[in-house]
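K.L.:
Let's see this in three dimensions:
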Amino acid sequence: MRGTRVLRRPRAAVAAGVIALGLGFTPSAWATSVTGVSLTPNTFVSATSATWGITFAPSSSGALVTGNTVDVTFPTGFTFSGLTAAFVSGFTSCATPTPVLNGHTVIVPLTGAGCSLGANTPAALTISGISAAASQYSRFGFSVTTYADSTFTSPIDGSGANPPTFIDILASVTYSTHASDNSLATGTAPTDPSQPYSTVISPTVTVLGNVGGTPLTLSGHTFAGWCTTNNAADPTLCTGTHYDAGDTFTIAANTTLYSQWTGGLLTPTTPSVSNLPSSGTYGGGFTASVNTNGDGTKSVTSNSTGVCTVSGFTVTYVGVGTCSLTAHVGVGSTYNFANGTAQTFAVGQAAASTPAISNLPSSGTYGGGFTASVSTSGDGTTSVTSSSTGVCTVSGSAVSYVGVGTCSLTAHVAAGTDYSSANGNAQTFSVNQATPTVPSISNVPSSGSYGGSFTATVSTNGDGSTSITALDGRLHRVGVGRRVRRGWNVLTHGPRGRGHELRRG
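P.N.:
Okay, here's the model as predicted:
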């Protein structure tokens, strides 16, 4: 039964083995020949609003699901009115379909949750509301003058030796600009009004000229037809089949024709950064040189701006990691533009400047201290350590003077994001004795009697030996722990100690 074909299409995604077509059709390469077609009623007197019964089976990879369709295309001469359709067998969980007419193609959608038709599963459906003049039926291999089985030259029910084939694949022609001039060509490519083409019934394509809404143009070039291959480097080169306007070819699948040109620019050598370093250090950089025979403007771009940036040809290392650069050359008077490939190298941490305590005092006093500040270019955590813990100790950045002598401190910085670790040099200063509080007799009585006495106690924060002297000359009779005679004036002393100097009361 030549002239009638069954097609199937996914509504959105195109599965493996499916050919995408124009006009929304997506016939399937899975499709197998229809195994049988019947017509009810069995009379061709008027053939008005006849019901067609069609049976077929998808191939092993051709399962259908919700969103797919079964498309049946009838030849010219058939008319359609009041179309209805029904799934007879093979289909699972499918809702009653509502057929849609597109030209002479009846599109029967698969709808309903879980609707499907398994691979290799025999299926049957009916389509009603199709009419035709009796003369049309002679195209399907039987006599219309005396209806009887013996007159079928190829029985329409598929029981004969050569059952008819109803599968047809539609194909489209796409006109496109050449890959190498996509960014330079202007205008629009033409669209073939005759597509999609039937690869069984009408497979001959007549090639169009440069007749888009706005004809294609390419600076310095003349349009020279179309090519079946897309040479990405040279729009004047065709390594496939070349077609001029008016040429014809037989289409078997979707075909793209690419614009071809004569004259124009030469293709330059691929630009590259010729002085790419093997590695770099954070904070550094270099001036890039681009190597190509192109005569256009050369440039370099960064593909990793968190690690390296480019201004003109100056490359600056702004982070640690992999620096990726690409060289370019623009359109010149003789050569076309070209882009290089990414070139990479590692950028490592820089050495931090020697850390130092920026606010180191010139001297200190026992019991005091200060908060140290560390100066360095490093971006890690800073710290301070003491190598003279008997004189000064460190907690965090707080330095405390715990003895008298030389305080020795060293600043440090740990490894950070962009800088490595570093240790400073020992920095020293003197810690001197503190001045004690004025010593005094803490238990001096308010009065006394001649011949009496008391044992004096000296109060001070000084850490030396304490003593008492009399101011009336009889010093030999006064001392710490000695009795003081009535009527004497006394002077207390705090002798020099470890952390405090001598202080008189």
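K.L.:
Where does the prediction get shaky in the stretch 351-500 of the chain?
P.N.:
The model of the stretch 351-500 of the chain has pLDDT under 70 over residues 470-500.
K.L.:
mind running it again at 50?
P.N.:
Counting by pLDDT under 50, the ranges of the stretch 351-500 of the chain that qualify are 473-490, 497-500.
K.L.:
ok, now the chain?
P.N.:
Using pLDDT under 50, the flagged stretches of the chain are 1-46, 61, 136-168, 473-490, 497-504.
K.L.:
how does it divide into domains?
P.N.:
The domain map for the chain lists 5-151, 170-263, 287-348, 356-432, 435-505, with the assignment taken from automatic domain parsing.
K.L.:
so which of these gets nearest Thr270?
P.N.:
domain 287-348 (5.5 Å; C-beta to C-beta). For glycine as for every other residue, the C-beta is placed from the backbone atoms N, C-alpha and C.
K.L.:
ends of that closest one, how far apart?
P.N.:
18 Å (C-alpha to C-alpha, to the nearest Å).
K.L.:
Helices of the protein, residue ranges please.
P.N.:
If DSSP state H is used as the criterion, the helices of the chain fall at 134-137.
K.L.:
Buried residues, the longest strand seen in it. List them.
P.N.:
The longest strand of the chain (DSSP state E) is strand 78-89. For strand 78-89, the neighbour count (16 or more other C-beta atoms under 10 Å) marks 78, 80, 83, 85-87 as buried.
K.L.:
Beta-bridge partners for Ala356, please?
P.N.:
Ser375 (DSSP bridges).
K.L.:
if I read this right, it contacts His412, doesn't it?
P.N.:
No. Look at Ala356 against His412 with C-beta atoms under 8 Å: they stay out of range, at 10.5 Å.
K.L.:
residues bridging contact with these two, i.e. touching both?
P.N.:
Common contacts of Ala356 and His412 (C-beta atoms under 8 Å, 6 or more residues apart in numbering): 374, 424.
K.L.:
of the two, who's got more company?
P.N.:
His412 (19 against 16; other C-beta atoms under 10 Å).
K.L.:
so which of the domains of the chain gets nearest Asn275?
P.N.:
domain 287-348 (4.9 Å).
K.L.:
Make CSV out of the domains of the chain and add distance to Pro277.
P.N.:
Listed next are the domains of the chain as CSV, based on distance: least, C-beta to C-beta, whole Å:
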stretch, distance to Pro277
domain 5-151, 46
domain 170-263, 30
domain 287-348, 6
domain 356-432, 18
domain 435-505, 60
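K.L.:
Which one, of those domains, ends up nearest to Ser272?
P.N.:
So among the domains of the chain, domain 287-348 is nearest, using C-beta to C-beta, at 5.1 Å.
K.L.:
before we move on, the earlier item: do you know which of the domains of the chain lies nearest Thr269?
P.N.:
Nearest of the domains of the chain (C-beta to C-beta): domain 287-348, 4.9 Å.
K.L.:
Farthest pair within the buried residues of strand 78-89?
P.N.:
Of all pairs in those, the most separated under C-beta to C-beta is Phe78 and Phe87 at 21.9 Å.
K.L.:
Spit out the contact partners of Thr389.
P.N.:
Counting by C-beta under 8 Å, 6+ apart, Thr389 has contacts Val402.
K.L.:
Please report phi then psi for Gly332.
P.N.:
For Gly332, the backbone dihedrals are phi -110, psi -160 (criterion: degrees, to the nearest 10).
K.L.:
what's around it, how many residues?
P.N.:
Count around Gly332 with other C-beta under 10 Å applied: 17.
K.L.:
neighbours of the closest residue to Trp226 other than its chain neighbours, just the number please.
P.N.:
Closest residue to Trp226 apart from its sequence neighbours, by C-beta to C-beta, 6 or more residues apart in numbering: Leu257 at 3.8 Å. Residues lying near Leu257 (other C-beta under 10 Å) number 26.
K.L.:
which residues does Leu257 bridge with?
P.N.:
Tyr175.
K.L.:
I'd like to know how far Gly67 sits from Asn102.
P.N.:
17 Å (C-beta to C-beta, to the nearest Å).
K.L.:
Do I have it right that the residue nearest to Trp226 meets Pro190?
P.N.:
No. The criterion here is C-beta under 8 Å, and Leu257 misses it with Pro190 at 9.6 Å.
K.L.:
any common contacting residues for these two?
P.N.:
Tyr175.
K.L.:
need the contact list for the residue nearest to Trp226.
P.N.:
173-176, 207, 226-228, 243.
K.L.:
Could you pick out the buried ones from the residues you listed?
P.N.:
By 16+ other C-beta under 10 Å, these give 173, 175, 207, 226-227, 243 as buried.
K.L.:
Same list (those) but as JSON lines, adding distance to Tyr317.
P.N.:
Shown next, in JSON lines, are those (distance: C-beta to C-beta, whole Å):
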{"residue": "Val173", "distance to Tyr317": "52"}
{"residue": "Tyr175", "distance to Tyr317": "48"}
{"residue": "Val207", "distance to Tyr317": "55"}
{"residue": "Trp226", "distance to Tyr317": "49"}
{"residue": "Cys227", "distance to Tyr317": "46"}
{"residue": "Tyr243", "distance to Tyr317": "53"}
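K.L.:
between those residues, which is nearest Ser420?
P.N.:
Scanning these for proximity to Ser420, where the rule is C-beta to C-beta, the winner is Cys227, at 57.7 Å.
K.L.:
Pretty sure Val458 is one of the things Asn443 touches, is it not?
P.N.:
No. Using C-beta under 8 Å, Asn443 is not in contact with Val458; the gap is 9.5 Å.
K.L.:
who has more neighbours, those two?
P.N.:
More crowded of Asn443 and Val458, by other C-beta under 10 Å: Val458, with 19 against 11.
K.L.:
Quick check: bridge partners of that one?
P.N.:
Here Val458, judged by DSSP bridges, has bridge partners Ile441.
K.L.:
From Thr437, how far off is it?
P.N.:
Going from Val458 to Thr437 by C-beta to C-beta gives 11 Å.
K.L.:
neighbours around Pro327, how many?
P.N.:
Quick fix: residue 327 is Ala, not Pro. By other C-beta under 10 Å, 26 other residues sit near Ala327.
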